[in-house]
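S.K.: Dropping a prediction and its sequence here:
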Amino acid sequence: MTFEWPAHGLKLQTRIETRAATIGVIGMGYVGLPLAVAFGEAGCSVLGFDLDPEKVVALNRGDSYIKHIPGGRIAPLVAEQRLAATADLDRLGEVDVLLICVPTPLTRHLEPDLKYVEHTTRAIAHTLRKGQLVILESTTYPGTTREVMQPILEEDGLLAGKDFFLAYSPEREDPGNPTFSTTKIPKVVGADDPASAGLAMALYRHIVPQAIQVSSAATAEAVKITENVFRAVNIALVNELKLIFTAMDIDVWEVIDAAKSKPFGFMPFYPGPGLGGHCIPIDPFYLTWKAREYNQHTRFIELAGQINAGMPQHVIRVLADTLDARFGRGLRGARVLVLGVAYKKNVDDIRESPSLRLMELIEARGATADFHDPHVAQINGTREHPTLNYRYGVAWDETAIADYDAVLIATDHDALDYAALAASAKLVIDTRNACGKAGVTGENIARA
């Protein structure tokens, strides 16, 4: 059966292929900003939407607020009028394509919180016109695009696949990864009608080396969930192996480094103090929640979540026990310096960072927790860790480091001087094998 393009789709296809389409990106954060820059650098006109007025002002000035996206990439786009930003959602109707890059957090009960997706979709519906393409990029459970977004967008009588077009393409950002940036990562695209799929494929071909079409939006949503479940489960596995091998007096990092020499059948994952970032600690629970609708149980995923969630407590036990064994004291009244509050090395992103939980646990035991991070000067407002909000980091000072009872390495930033740390600190608790990787040894260094 031959597919016939709807008239509105044919017009939009021409605009996309000739780069005449205006691209709207909703949510100018760690996903939306690099996406907007990529389309701008590909010769498209981009309008970014964000409710944070500081971000809007910064972008329109040509400045960046994300460390790994330099202002030198934004300023030329602003000067050439290929990138602008606004907080006015009434302008959503001006653009041809809308890419939704908003948060998808969990509730306190570990259930999906889609309020940002729903609020954004309703804002789009308010200005939706014929011939627009709407693509969700936020990670979510299979069925969100069709079951949540489509009914809202169709409330006023416009039909998906005929009057407007709707697709899902999961973001695959890895902040701080110098090898794989936005324009070097293949894009998965899924839609429930051929026109929407074709338009989304044509759009992403402007900025990525390969666009991969799957059979439906739900399938594309499942791809993203699968990628993140894979990582969460494997990280949980090595975290459990760390506990087992430590009890056996075996170095888990040495084991992994030797195992990865096998050219097939093994992929290295590394233990740590817990999971961080917006995706890995959260997304598996989206699938767990959705699976209940089909009377399916996700025991493997839930067990991985329990193991990873328990790692901060394990680190605190090692910290307290080591202080007791070395100095005859516990945590109460101790001064602890946490090195690194970003969730991963060499970035300034603290979302879901295990360091924040570690600081809370340290202070709950009657100790003082300060932090130093070369990429994060201040812990800005977080919903989950209100006691840490607006706390400033301390400066790197080798003399001051010697005054702390312990230094806890929570994030292994390359910019940190681990040799100087080991020479100054009374006790170093290393959760990332940062000292080992830097070739730094000492009796005052312990792993957790």
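M.R.: Nice, I can see it. Residues are numbered from 1 along each chain as shown.

S.K.: all helices of the stretch 151-300 of the chain, in order?
M.R.: 194-204, 217-247, 252-259, 283-293, 299-309 (DSSP state H, counting those that start in this stretch).

S.K.: just the stretch 301-448 of the chain next, same as before
M.R.: 311-327, 354-364, 398-401, 418-424, 434-437.

S.K.: that older thread, would you turn the helices of the stretch 151-300 of the chain into CSV with mean pLDDT and mean neighbour count?
M.R.: The C-beta positions use only the backbone N, C-alpha and C, and glycine is treated the same way. Below are the helices of the stretch 151-300 of the chain laid out as CSV (pLDDT from 0 to 100; neighbours: other C-beta atoms under 10 Å):
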stretch, mean pLDDT, mean neighbour count
helix 194-204, 98, 23
helix 217-247, 96, 19
helix 252-259, 96, 15
helix 283-293, 90, 20
helix 299-309, 92, 16
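
S.K.: With Asn346 as the reference, name the closest of those.
M.R.: helix 217-247 (18.2 Å; C-beta to C-beta).

S.K.: hang on, the earlier thing: for Thr144, find the nearest of the helices of the stretch 301-448 of the chain.
M.R.: Nearest to Thr144, of all these, is helix 354-364, at 27.4 Å by C-beta to C-beta.

S.K.: Phi, psi for Cys44 please.
M.R.: Dihedral pair for Cys44: phi -90, psi 160, per degrees, to the nearest 10.

S.K.: Compute the distance between it and Val214, please.
M.R.: 24 Å (C-beta to C-beta, to the nearest Å).

S.K.: Now Asp403. Nearest residue, chain neighbours left out?
M.R.: Arg335 (7.0 Å; C-beta to C-beta, 6 or more residues apart in numbering).

S.K.: Help me confirm that the one you found comes into contact with Asp370.
M.R.: Yes: the pair Arg335 and Asp370 qualifies as a contact (C-beta atoms under 8 Å) at a distance of 7.4 Å.

S.K.: Among the two, which residue is more densely surrounded?
M.R.: Asp370 (17 against 14; other C-beta atoms under 10 Å).

S.K.: List the contacts of Leu356.
M.R.: Val341, Ile350, Ile379, Thr382, Glu384, His385, Leu388 (C-beta atoms under 8 Å, 6 or more residues apart in numbering).

S.K.: what's the closest of these to Glu254?
M.R.: Among the contacts of Leu356, and counting by C-beta to C-beta, the member closest to Glu254 is Val341, at 28.0 Å.

S.K.: That closest one touches Phe371, doesn't it?
M.R.: Yes: counting by C-beta under 8 Å, Val341 touches Phe371, with 5.1 Å between them.

S.K.: list residues touching both of the two?
M.R.: Counting by C-beta under 8 Å, 6+ apart, the residues touching both Val341 and Phe371 are Ser355, Met359, Ile379, Gly393.

S.K.: The first one and Leu416, how far apart?
M.R.: Pointing back at Ser355 there. Ser355 is 13 Å from Leu416, by C-beta to C-beta.

S.K.: what does the last one give?
M.R.: Note on Gly393: its distance to Leu416, by C-beta to C-beta, is 12 Å.

S.K.: Check Asn308 too.
M.R.: Counting by C-beta to C-beta, the gap from Asn308 to Leu416 is 24 Å.

S.K.: Equivalent analysis for Pro76, please.
M.R.: 33 Å.

S.K.: who has more neighbours, these two?
M.R.: Using other C-beta under 10 Å as the criterion, Pro76 and Leu416 rank with Leu416 on top: 20 against 14.
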